[in-house]
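need a structure here:
(chains A and B)
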Amino acid sequence: MACGLRKSTSFKEDFIGEAGSTITVKIAGPSDAGAEIVNIRYAGEPVDNQEPFKFDIQPEAKMLVILVEATKPGVLLQLVEDCGGSEQVIDRFHFDPKNPARGYIVLGITA
Amino acid sequence: MIRTLILMFTLSVPALAQQQAIDFYFNATELENLIKQKPGQRIVDDLTNLLPERRSNAFLQYLEASNYKGLIDAVDAARLNKFAAAAGGSTGSTALLSKVAVPAVLGLGVEHGSILQQTNGTSTTLRGNLLGLSRWGLGSQQFQYCPEVAQAACSKSEQFLRRFSVATTFEDVRKRDETVTVATAGGPAVADLFTQDFRMSSWGLRFDLTRNNLDDPRYIKKWREQIAKLRGDQNADQLTIAVSNAFNNASAEYRQWRLDTLTAINNALDAREIKTIMARQLDAVIPILERANPNQAEALRTLRRAYSNYFMVRDELLREAQVHKMSLEYVNSHPQNQPNRSSVRFIYSHQPSNAPSVITLNVALTMYNELQTGAEHRLRDVQVAAQLDRSLGDIGSFGRASLALAGYYQWMKDDALISIGPGNIAPGSGIVLPQPAVKLLGTKGSIGVFQGKLSLPLGQTMKVPLSVTWANRTELINEKEVRGQIGVTLDMDSLFR
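The predicted structure follows:
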């Protein structure tokens, strides 16, 4: 299955995806860093509070907020899209316990 | 102790003077390294980590440090010293200060996020740690938030202050006889707690003696269990709602600002220029956000409160993940119809790595706050308690069951005392007492209590606790007691998650 998100090259938003397609995301990091998604919200609405974290892309630009925790400050984490059989890293960042909630702008386009 | 605190406050001020508002935004080693990269070496994807939607708490700190009116007004109004002076100066009445200013100040603390209000059944507790209260009272730039998992990066004064926590509990006298415990996020406003329907049942201070060892594999295992609890906590929900609302519209104008910002930063000559550009762009983004959302200042205040509450709950949960934990606690209790008293308690808990259990030990000493009529000493009792909690695993799809076994020993130095106000009826009689009295009951000596409690889940919202308690006597009645209890606890919050 193809991945649903692609990086925006205009940088006005983070990701672009086709409206209506279902996206699954997860967090990855070193095994001793204990990275976990605590809460996730897209377009103002809550996404499942257990894995797999899935949401459907809506038309226009909407905010995706991911609340992440890890045991080690500064550890390098990856936000991964699970594409069903394959996966792609859509963001890399160092865990900052003072800024655990990260916002992304997802632009939904109609085919 | 007081001198140490004053010294810390004093030392923190010069440090503040040397920092600029934008330094609060870049307060992370990884970001400092990122902006040191030369032009041409930078990756725009990495630069997106500098955007305010990625660093919303740092964005709030920048706004506070740069005197953004929407935040600074509320903080300024909430400054303890200004508020107290205004209340006292305007009327000259200390009664006004205690009856109006105290709930108002506490209410502002709850609004600001430095005080967490939690209602459980008939009691409402206001809690805060000394670092959070200092940040509120003296300014968040002087004392940075110090996360449980990153204490090593905090200043000595921040590390010290965060280990102190304070709490006060109010009891709803209207509901005291209800037996069903309902945990709910709502509850009375702070001002309500000072009405006749509520009474303060206790206040206390706690100092945590231990710190986390982040490299301990046992800690990481416990950490995952605590994160699972955090997932179900409403404060995590409130935080993502608040971030979402603060950048809600992702308007075309905001998205253009993003592009302009990333382009300018990517072309900057050095780290200093990046900071200058970012400060200029953060100042420019506020009117853009305000145009997209006329209630932007309120959205940012809500975000600040959401972060404070989330951090408080997260840090408490992570503290519980410690394999060994020790704390010292002082509680000033105001039990109804009994003299006020103070307890000093040493608490130790241990979570064995190979079993889902927690062992807790308590040693406490209780004194009456004043020497009571008919008593020779203020010492009331000495207590020793031990408890073993063990998870019994999931029962089908119903949830997790748990077992608790506890033993408690109390030595009463003298007979217990109860206070009877004027005109009140003496217990167990129809006699109306003409004046205040303190009644001595023949209850000095040893009290032993043992309890076994099994908690069975009935889905995500309900639990049925079954308990059997044996006591050789109680504090006020010198008779052996064996009691079995069955109850229902309902977590209403989970219905709305």
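
need the contact list for whichever residue of chain A sits closest to chain B.
The minimum distance from chain A to chain B, using Cβ to the nearest Cβ, falls at A:Gly103 (3.2 Å). Yep, even glycine has a C-beta here, placed from its N, CA and C like the rest. For A:Gly103, the contact set (Cβ atoms under 8 Å, 6 or more residues apart in numbering or on different chains) comprises A:63-65, B:53-54, B:56, B:243-244, B:247.

return the set of buried residues in stretch B:347-363.
B:347-349, B:351, B:356, B:358, B:360, B:362 (16 or more other Cβ atoms under 10 Å in any protein chain shown).

what does stretch A:65-78 give?
For stretch A:65-78, the neighbour count (16+ other Cβ under 10 Å) marks A:65-73, A:75-78 as buried.

B:Lys463 against B:Val488, yeah?
Yes - with contact defined as Cβ atoms under 8 Å, B:Lys463 counts as touching B:Val488 (7.4 Å).

which one's more surrounded, these two?
B:Lys463 (21 against 13; other Cβ atoms under 10 Å in any protein chain shown).

now name the helix or strand holding the more buried one.
Element membership of B:Lys463 [criterion: DSSP states H and E] is strand B:462-471.

now that strand: average pLDDT?
If you average the pLDDT over strand B:462-471, you get 86.

name the helices or strands packed onto that strand?
Helices and strands touching strand B:462-471, by 3 or more Cβ pairs under 8 Å, 6 or more residues apart in numbering or on different chains; DSSP states H and E, are strand B:445-458, strand B:481-486, strand B:489-491.

what about the strands in chain A?
Using DSSP state E, the strands of chain A run over residues A:5-7, A:15-18, A:22-28, A:36-42, A:45-46, A:53-56, A:60-69, A:76-82, A:87-94, A:101-109.

pLDDT-wise, what's the bottom of the buried residues of stretch B:347-363?
Within the set of the buried residues of stretch B:347-363, pLDDT is lowest for B:Pro356 (71).

thinking again about what came up before, now render the buried residues of stretch A:65-78 as CSV, adding pLDDT and distance to chain B.
CSV is the format used below for the buried residues of stretch A:65-78 (pLDDT from 0 to 100; distance: Cβ to the nearest Cβ, whole Å):
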residue, pLDDT, distance to chain B
A:Val65, 96, 4
A:Ile66, 97, 8
A:Leu67, 96, 5
A:Val68, 96, 10
A:Glu69, 95, 6
A:Ala70, 93, 8
A:Thr71, 89, 5
A:Lys72, 88, 6
A:Pro73, 90, 4
A:Val75, 93, 10
A:Leu76, 94, 9
A:Leu77, 96, 11
A:Gln78, 96, 12
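
for chain A, which of the helices and strands packed on strand B:462-471 is the nearest?
Nearest to chain A among the helices and strands packed on strand B:462-471 is strand B:489-491 (14.6 Å), distances taken as Cβ to the nearest Cβ.

pLDDT (mean, whole number) over the helix of greatest length in chain B?
Longest helix in chain B by number of residues, with DSSP state H as the criterion: helix B:296-320. Regarding helix B:296-320, the rounded mean pLDDT is 89.

against which helices or strands is the helix or strand just after it packed?
Counting by DSSP H and E, the element after helix B:296-320 in chain order, helix or strand, is strand B:324-333. Here strand B:324-333 touches strand B:198-208, strand B:341-350, going by 3+ Cβ pairs under 8 Å, 6+ apart.

next, the angle from whichever strand or helix holds B:Arg127 to helix B:296-320.
Using DSSP H and E, B:Arg127 falls within strand B:123-129. Computed with axes from the mean of the first three to the mean of the last three Cα atoms, to 10 degrees, the direction of strand B:123-129 lies at 90 degrees from that of helix B:296-320.

and the gap between B:Gln118 and chain A?
19 Å (Cβ to the nearest Cβ, to the nearest Å).

you'd agree that residue is in a strand?
Yes - counting by DSSP: H, G, I helix; E, B strand; the rest coil, B:Gln118 is found in a strand.

neighbours of it, how many?
19.

what of the one 5 residues further on?
Neighbour count of B:Ser123, defined by other Cβ under 10 Å: 18.

bridged to it, which residues?
B:Asn120, B:Glu171 (DSSP bridges).

quick check, it in contact with B:Val173.
No - checked against Cβ under 8 Å, the pair B:Ser123 and B:Val173 is beyond contact range at 10.8 Å.

so B:Pro339, which of the three states?
Strictly by three-state DSSP, B:Pro339 counts as coil.

number of nearby residues for it?
Neighbours around B:Pro339, by other Cβ under 10 Å: 21.

give me the pLDDT for it.
So B:Pro339 comes in at 84 (pLDDT).

also the one 3 residues further on?
Here the pLDDT value assigned to B:Ser342 is 94.

likewise the one 4 residues further on?
At B:Phe346, the predicted lDDT confidence score is 93.

roughly how far does the closest residue to it other than its chain neighbours sit from B:Ile347?
Leaving aside its sequence neighbours, B:Phe346 sits nearest to B:Val363 (Cβ to Cβ, 6 or more residues apart in numbering or on different chains; 5.0 Å). In this view, B:Val363 and B:Ile347 are 8 Å apart by Cβ to Cβ, to the nearest Å.

ditto for B:Leu300
38 Å.

burial count for residue 44?
Because you didn't say which chain, this covers chain A. 13.

if you could check chain B rather than the one you did, that'd help
13.

thought it was touching B:Ala264?
No - with contact defined as Cβ under 8 Å, B:Val44 does not reach B:Ala264; the gap is 11.6 Å.

quick one: low-confidence parts of chain A?
Along chain A, the parts satisfying pLDDT under 70 run over A:1.

find the nearest non-adjacent residue to B:Arg345, please.
Closest to B:Arg345 by Cβ to Cβ, 6+ apart is B:Ala364, at 3.9 Å.

can you classify that neighbour as helix, strand or coil?
strand.

what's the spacing between it and B:Gln338?
16 Å.

for B:Asp415, give its distance to chain A.
52 Å.

need the per-residue pLDDT for that residue.
For B:Asp415, the predicted pLDDT is 75.

using JSON lines, lay out the strands of chain A together with distance to B:Asn67.
Output for those, formatted as JSON lines (distance: least, Cβ to Cβ, whole Å):
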{"stretch": "strand A:5-7", "distance to B:Asn67": "37"}
{"stretch": "strand A:15-18", "distance to B:Asn67": "35"}
{"stretch": "strand A:22-28", "distance to B:Asn67": "36"}
{"stretch": "strand A:36-42", "distance to B:Asn67": "30"}
{"stretch": "strand A:45-46", "distance to B:Asn67": "35"}
{"stretch": "strand A:53-56", "distance to B:Asn67": "38"}
{"stretch": "strand A:60-69", "distance to B:Asn67": "27"}
{"stretch": "strand A:76-82", "distance to B:Asn67": "34"}
{"stretch": "strand A:87-94", "distance to B:Asn67": "29"}
{"stretch": "strand A:101-109", "distance to B:Asn67": "24"}
